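Asks: Have a look at this prediction, sequence included:
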Amino acid sequence: MSIFSGLEEIVKTDYPLANNTWYRIGGPAEYFVSPQTVEQLKDVVGKCNENNIRINVLGFGSNVLISDKGIRGAVIKLEGDCFAETKFDGDQVRVGAGADLRKLVRASVKKGLSGLEALTSIPSSVGGAVRMNAGGRFGDIGSCVESVTLMDGDGNIFEKSKPELMFDYREVNISAKFILSALLKLNEGDPEQILRTMKEVFVYKENNQPPLSTRNSGCVFKNPSGFSAGSLIDRAGLKGLQLGGAKVSEKHANFIIAEKGCTSRDILRLIDAIKERVNEQCGTELELELEIWD
Ligand code: EPU
C-alpha cells in the first residue's frame, strides 16, 4: 500500500462498508480511512490528491446507500476521539463533526439548554447533520449553528460563520470537503419544559415512523414544497410495496425498509417505482434526500 505509506494504521483496503451504514447493505471501499488527528487527515487528503483518488466523506451512514459493487477511491470517516470532542461554555457548545448527535441532544437537554431537542432520535454524526441541515417539523440544526470549521480538498482549514453561512431545507452553503467542527448557540431554558419537548418529539416519532431497529435510512425523498413526500407516496397506494428485499414502510411511506436479503439494487428499483407512480398519480417529481454512492 505504497500510496498511503506511513498511514497503514488508519487505512484499510477493500473494506466492507455495509456495517458502517444504517441499511447495512453495499460493497467494500477501495480504501477506508479513519484519521485520528487533523494532521493525519491533511496527510491523507494530500496523498489522495497526488494519486488522483476520489474522496467520499462518511458520517454515521444513516442517509447513504452504498452500491452493491462498492466504492472506488477513499471513504474517510472522522472516527478519532479528537473529532468527537464536545465542550460546553455557557449557552454555547463547540462540537466535533464525528460526535454522536443523539448524545449531544441528551447532554444539552440535561444542562437545561434548549435548541437541539427538535433533533431527538435522529441517528447522525454532528458533521452529517450540519451538512444536510438535519431536522423535521420540530426544527432543524441550522437554526443553532453559529459557525463551522472546515477543511477544503487541499487541506486548508478555515471558518465560516453566520450570516455568510446559510441554511435552507436539507441544505447549507458549505462546499468544503470536510466539516471538522461546529459552534452551536443554544438557549438557557426551563429544564423540565425542554425534557417534555424532547419526550414529545420522541413519542411522535415512535408513533409515526418505523423503529430504528429496522434497517432504514430515514426519509428517502425530500418533501416537495408544501407537501409531505410520505403522504404523497401513501396516497399513491404504495405502502407495503416490496421489490426483492426492499419494502415501503407500512408506518410511514417515505421510509424504505431493507428486509432480509435486501440489496442496494432492490432499493434503487423500489425508488424508481415510487418516483414513477407518484409522478403518474400526483404529477410530482420526487427528489432524493438519500445519497446514492456508487
Ligand atoms: N403522512 C401520511 N402517510 C404517510 C406518512 C405521512 O399520510 O405514510 C402524513 C402524516 O399523517 C402527516 C403528514 O403526512 O399529516 C406529515 O408527516 P410527518 O409528520 O411524518 O412529517 P414528514 O414531513 O413526512 C418530516 C421529515 C422527517 C421528520 C418528520 C418529523 C422530511 C422529508 N421528512 O417528515 O425527517 O422525522 O418530519 O419531524 O423532511 C428524515 O429527514 O430522514 C426524516 C425522517
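Replies: That came through, no problem.

Asks: Skip the chain neighbours and tell me the closest residue to Ile267.
Replies: Ala246 (4.5 Å; Cβ to Cβ, 6 or more residues apart in numbering). Heads up, the C-betas are built off the backbone N, CA and C, glycines and all.

Asks: ok, so what distance separates the one you found from Val201?
Replies: Distance check for Ala246 against Val201: by Cβ to Cβ, to the nearest Å, it reads 28 Å.

Asks: More neighbours: the two, which one.
Replies: Between Ala246 and Val201, counting by other Cβ atoms under 10 Å, Ala246 is the more crowded of the two (26 against 21).

Asks: how about that one, phi and psi?
Replies: When read as degrees, to the nearest 10, the backbone of Ala246 gives phi -100, psi 130.

Asks: Please report phi then psi for the residue of the stretch 51-200 of the chain found nearest the ligand.
Replies: The minimum distance from the stretch 51-200 of the chain to the ligand, using Cβ to the nearest ligand atom, falls at Gly136 (2.2 Å). With angles defined as degrees, to the nearest 10, Gly136 sits at phi -170, psi -150.

Asks: For it, which residues are in contact?
Replies: Ala118, Ile122 (Cβ atoms under 8 Å, 6 or more residues apart in numbering).

Asks: Helix, strand or coil: sort out the closest residue to Glu30 other than its chain neighbours for me.
Replies: Spatial nearest neighbour of Glu30, excluding adjacent residues (Cβ to Cβ, 6+ apart): Arg72 at 5.2 Å. Under DSSP: H, G, I helix; E, B strand; the rest coil, Arg72 falls in the strand class.

Asks: One more: Lys275?
Replies: Once three-state DSSP is applied, Lys275 turns out helix.

Asks: Close to the ligand: what parts of this structure are there?
Replies: 136-138, 208, 218-219, 222-223, 228-231, 234, 252-254, 289 (Cβ under 6 Å from any ligand atom).

Asks: filter the residues you listed to the buried ones?
Replies: 136, 218-219, 222-223, 228-230, 234, 252-254, 289 (16 or more other Cβ atoms under 10 Å).

Asks: which ones among these are found in strands?
Replies: If you go by DSSP state E, these have Gly136 in strands.

Asks: Which of the buried ones among the residues of the chain next to the ligand scores worst on pLDDT?
Replies: Ranked by pLDDT, these bottom out at Gly136, which scores 88.

Asks: For it, which residues count as its bridge partners?
Replies: Gly139 (DSSP bridges).

Asks: Same check on Ile292?
Replies: The partner residues for Ile292, given DSSP bridges, come to Leu65.
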